[in-house]
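In: Compute the structure for the input listed below.
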Amino acid sequence: MFDRLFKLKENGTSVKTEFTAGLVTFMTMAYILVVNPSILSAAGMDSTAVLLATCLASFIGCVCMALMANLPFVLSAGMGLNAYFAYTVVNGMGVPWQVALFAVFVEGIIFIVLSLTGVREAIFNAIPLPLKHAVSVGVGIYIAFIGLQSSGLCVYSDATLVTIVDFTGDFSRSGICALLGLLGTFFTAVLYIKKIKGSILFGILASWGLGMLCQVTGIYQPDGVAYFSLYPTLSFTDFSKLGETFGQCFNLDFSGVKILDFIVIIFAFLFVDLFDTLGTVIGVSTKAGMLDEEGRLPKIRRVLLADAIATSAGALLGTSTTTTFVESSAGVAAGGKTGLTTLFAGVLFLVAMFFAPIFTAIPGFATAPALIIVGFLMFTNIVHIDLNGEDFATTIPAYLCVICTPLFYSISEGIMIGIISYAFLNLICGKGKRVSPVMYVLAVLFILKYILL
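Out: Numbers count the residues shown, from 1 in each chain. Sure, this is the predicted structure:
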């Protein structure tokens, strides 16, 4: 059945490989089950309800992606968009969270229309191939940076913004976590070099297991505030809580909300979601070798439509924008090639509703090695950018896209800077005819976005 539905033999994969890839992707994304409820609860939403909504929206999105596009792209509540939802829209602008959810719902509907009419597909196809490779490289550095932070190896510094952790400063907590993340990265690298199947998954499990051993021996000491026990606990979720957010996007109170502010909110969600999704899809599909000779993804319209449906469904359930996750690249690196990977990951999100404490016990230092190694695999696409050539009107925008993605901590910002610089450098240098009209339109829109939003 699976072979007929997902064309496993045709894609050179198996149920076992797809399951492993789905499990790897889910485990690298499991942090969202902790982070999203924490962020949205700051907006006054019930954290348990948000967790349930996140799991259900992720499942719906994954099923749509699996059945409509048959690609290993997993979806869940987008990071960055949830922070904008809670801290800027609700807490900053004073918009009720129900109205903010309605804005997300409207955004999803708009994206469904744009996906069906081919507008989003046209944008994807208009981006030149070197810039797509640059997006992949930038995303690789970006997720490696996330891995370094989640392991505790990379920390904030007043003088340099970021620096390496002081291992001896608080060794029993931050120090040992950073060390375990480092050891896990080397262990995963060794397994990958030796071509051990499931090396990324084994790296996650080994790092987590070593952490639990350190807790038993007292080397790791949880304090219950910032550092928690690494052991999972068996407990169940109160499913009735979902009623506190389900359908609340239609329980609207626009008193005190200016219509212009509401429109700005919708467009902000639109811009960030559109180019976070495009950047993620470009990055993951480039690394997986899914693009054709012209740099196009044959099933891009179905991918974007699944993403749009998941966004509206998530808002109806009670969570911020649902989008394609860059951590999907971890599953691709583990061998995932079809929608069966996505389906397995979606089912695991459903399982997480019943046993959330087990999955949320996976520490950041255990998933960090997967992100760091996958970041390297995506970084290898830099060889496809002709840096030794004379076409600087292409390579400089590619370079800007690469460095802006991690430094601005945003996939969408990286791709926007890349598109703006590509359009105007080519225009000014007399090579404007090779630039698609869509690229010029996008460049102007992005400039307006920075001015008005």
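
In: What average pLDDT does the helix or strand hosting residue 34 get?
Out: For residue 34, the host element (DSSP states H and E) is helix 32-41. Helix 32-41 shows a mean pLDDT of 83.

In: For that helix, output the C-alpha coordinates as PDB.
Out: Extracted in PDB, the C-alpha atoms of helix 32-41 (Å, rounded to 0.1, in the frame of the first residue of the first chain):
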ATOM      1  CA  ILE A  32       8.300  23.400  19.200                       C
ATOM      2  CA  LEU A  33       6.100  21.500  21.600                       C
ATOM      3  CA  VAL A  34       7.800  23.300  24.400                       C
ATOM      4  CA  VAL A  35       8.600  26.600  22.800                       C
ATOM      5  CA  ASN A  36       5.300  27.400  21.000                       C
ATOM      6  CA  PRO A  37       3.100  27.000  24.100                       C
ATOM      7  CA  SER A  38       5.600  29.000  26.100                       C
ATOM      8  CA  ILE A  39       5.600  31.900  23.600                       C
ATOM      9  CA  LEU A  40       1.800  32.000  22.900                       C
ATOM     10  CA  SER A  41       1.000  31.700  26.600                       C
END
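
In: need the strands for the stretch 1-150 of the chain, in chain order.
Out: 75-77 (DSSP state E, counting those that start in this stretch).

In: pLDDT below threshold where in it?
Out: 80 (pLDDT under 70).

In: follow-up on the earlier one: show me which positions of the helix holding residue 34 end up buried.
Out: Residues of helix 32-41 classed as buried: 32, 33, 34, 35, 36, 37, 39, 40, 41 (neighbour count, 16 or more other CB atoms under 10 Å). Bear in mind the C-beta positions are built from the backbone N, C-alpha and C, glycine included.

In: For stretch 369-379, give the mean pLDDT please.
Out: Stretch 369-379 comes out with an average pLDDT of 86.

In: in it, what's buried?
Out: If you call a residue buried by 16+ other CB under 10 Å, then stretch 369-379 has these buried ones: 369, 370, 371, 372, 373, 374, 375, 377, 378, 379.

In: Kindly report the same for stretch 292-306.
Out: 295, 296, 297, 299, 300, 301, 302, 303, 304, 305, 306.

In: Let me see the domain layout of the chain.
Out: 9-376, 385-452 (automatic domain parsing).

In: May I see these organised as CSV, with distance to residue 3 added?
Out: As requested, the domains of the chain are exported to CSV (distance: least, CB to CB, whole Å):
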stretch, distance to residue 3
domain 9-376, 6
domain 385-452, 34
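
In: between these, which one is nearest to residue 1?
Out: Nearest to residue 1, of all the domains of the chain, is domain 9-376, at 10.0 Å by CB to CB.

In: Checking residue 409 next. Helix, strand or coil?
Out: For residue 409, the assignment made with DSSP: H, G, I helix; E, B strand; the rest coil gives coil.

In: Same question for residue 326.
Out: Taking three-state DSSP as the rule, one finds residue 326 in the coil state.

In: ok, now the one 4 residues further on?
Out: The three-state label for residue 330, taken from three-state DSSP, comes out as helix.

In: I'd like to know how far it sits from residue 245.
Out: 29 Å (CB to CB, to the nearest Å).

In: Looking at these two now, which is surrounded by more residues?
Out: residue 330 (30 against 24; other CB atoms under 10 Å).

In: would you turn the buried residues of helix 32-41 into TSV with distance to residue 140?
Out: Listed next are these as TSV, based on distance: CB to CB, whole Å:
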residue	distance to residue 140
32	20
33	24
34	24
35	22
36	24
37	29
39	25
40	29
41	32
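
In: between those, which is closest to residue 92?
Out: Using CB to CB, the buried residues of helix 32-41 come closest to residue 92 at residue 39, 13.6 Å.

In: What backbone torsions are found at the most centrally placed residue in the chain?
Out: Nearest to the mean C-alpha position of the chain, counting by CA atoms, centre = their mean, stands residue 325 at 3.0 Å. Backbone dihedrals for residue 325, given as degrees, to the nearest 10, come out at phi -90, psi 140.

In: pLDDT at it, what is it?
Out: 85.

In: Equivalent analysis for residue 356, please.
Out: For residue 356, the model assigns a pLDDT of 71.

In: can you check the one 4 residues further on too?
Out: Reported pLDDT at residue 360 in the predicted model: 63.

In: do residue 256 as well
Out: Per the predicted model, pLDDT is 68 at residue 256.

In: so what's the nearest residue to residue 51 once chain neighbours are set aside up against?
Out: Closest residue to residue 51 apart from its sequence neighbours, by CB to CB, 6 or more residues apart in numbering: residue 37 at 4.7 Å. Residue 37 sits next to 47, 48, 50, 51, 54 when contact means CB atoms under 8 Å, 6 or more residues apart in numbering.

In: Sitting in helices, which of those do you find?
Out: 47, 48, 50, 51, 54 (DSSP state H).

In: Among the domains of the chain, show me which one is buried the most.
Out: Mean neighbour count (mean count of other CB atoms under 10 Å) peaks for domain 9-376 among the domains of the chain, with a mean of 21.

In: That one: end-to-end distance?
Out: 28 Å (CA to CA, to the nearest Å).

In: Distance from the one helix or strand residue 178 maps to to the middle of the chain?
Out: Using DSSP H and E, residue 178 sits in helix 176-193. Chain-centre distance of helix 176-193: 22 Å, with CA atoms, centre = their mean, to the nearest Å.

In: and that helix, what does it pack onto?
Out: If contacts are counted by 3 or more CB pairs under 8 Å, 6 or more residues apart in numbering; DSSP states H and E, helix 176-193 sits against helix 129-151, helix 199-217, helix 364-379.

In: Out of the ones you listed, which gets nearest to residue 250?
Out: helix 129-151 (34.7 Å).

In: send the alpha carbons of the closest one over as PDB?
Out: Extracted as PDB, the C-alpha positions of helix 129-151 are listed here (Å, rounded to 0.1, in the frame of the first residue of the first chain):
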ATOM      1  CA  LEU A 129      19.300  29.000  -9.700                       C
ATOM      2  CA  PRO A 130      22.500  30.500  -8.100                       C
ATOM      3  CA  LEU A 131      20.400  32.400  -5.700                       C
ATOM      4  CA  LYS A 132      18.500  29.200  -4.800                       C
ATOM      5  CA  HIS A 133      21.800  27.500  -4.100                       C
ATOM      6  CA  ALA A 134      22.700  30.600  -1.900                       C
ATOM      7  CA  VAL A 135      19.500  30.200   0.000                       C
ATOM      8  CA  SER A 136      20.400  26.500   0.700                       C
ATOM      9  CA  VAL A 137      23.800  27.500   1.900                       C
ATOM     10  CA  GLY A 138      22.500  30.300   4.100                       C
ATOM     11  CA  VAL A 139      19.800  28.000   5.600                       C
ATOM     12  CA  GLY A 140      22.600  25.500   6.400                       C
ATOM     13  CA  ILE A 141      24.600  28.000   8.300                       C
ATOM     14  CA  TYR A 142      21.400  29.300  10.000                       C
ATOM     15  CA  ILE A 143      20.300  25.900  11.300                       C
ATOM     16  CA  ALA A 144      23.900  25.100  12.400                       C
ATOM     17  CA  PHE A 145      23.800  28.400  14.300                       C
ATOM     18  CA  ILE A 146      20.500  27.300  15.900                       C
ATOM     19  CA  GLY A 147      22.200  24.000  16.800                       C
ATOM     20  CA  LEU A 148      25.200  25.700  18.400                       C
ATOM     21  CA  GLN A 149      22.800  27.800  20.500                       C
ATOM     22  CA  SER A 150      20.500  25.000  21.500                       C
ATOM     23  CA  SER A 151      23.500  22.900  22.700                       C
END
